[in-house]
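> would you be able to build a 3D model of this:
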Amino acid sequence: MPGVMITTEDNPYDPFTEFDAWYSFDTLNGYHTCSYLARIANTSEELPDEINAEAIEQAIDEIVQLNLTGNYKKLVKN
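Residues are numbered from 1 along each chain as shown. Down below sits the predicted model:
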């Protein structure tokens, strides 16, 4: 399964390889994308990683589809 992340169009950092810089930019600009994703994704420590990864990807797809800020996009890394 490829890795997926969510970001905003204006964030110049790669969340796969520059997560700390990406996160700083995201929070300084008031997006709080990780918190938003955590509220949407139906994950649990009791579920296998595979199931949690699917739930996170579904939540990312939902956020990108709704795109309340008009700024979200999904990144896929093989």
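
> mind listing what Asn71 touches?
With contact set as CB atoms under 8 Å, 6 or more residues apart in numbering, Asn71 has these partners: 8-10, 31. All C-beta spots, glycine's among them, are computed from the backbone N, C-alpha and C.

> my bad, should have said Ala55
Residues near Ala55 by CB under 8 Å, 6+ apart: 41-43, 47.

> hang on, Gly3 packs against Phe16?
Yes: between Gly3 and Phe16 there is a contact at 6.6 Å, judged by CB atoms under 8 Å.

> in the protein, which helix is the longest?
Looking across the chain with DSSP state H, the single longest helix is helix 49-66.

> re the thing from before, and the contacts of Asn71, which is closest to Tyr72?
Thr8 (6.0 Å; CB to CB).

> quick one: pLDDT of the residue lying closest to the closest one once chain neighbours are set aside?
Nearest residue to Thr8 in three dimensions, chain neighbours excluded: Asn71, at 4.4 Å (CB to CB, 6 or more residues apart in numbering). We have a pLDDT of 96 for Asn71.

> what helix or strand is the residue of the chain positioned farthest from its centre on?
Distance from the C-alpha centroid of the chain peaks at Glu46, with 21.0 Å (CA atoms, centre = their mean). Using DSSP states H and E, Glu46 is not contained in any helix or strand.

> how close does it get to Ile60?
According to CB to CB, to the nearest Å, Glu46 and Ile60 sit 21 Å apart.

> just to revisit the earlier point, shared neighbours, Gly3 and Phe16?
With contacts taken as CB under 8 Å, 6+ apart, Gly3 and Phe16 have Lys77 as neighbours in common.

> ok, the residue farthest from the centre of the chain to Gly70 distance?
Relative to Gly70, and taking CB to CB, Glu46 is found at 36 Å.

> now Cys34
Counting by CB to CB, the separation of Cys34 from Gly70 is 19 Å.
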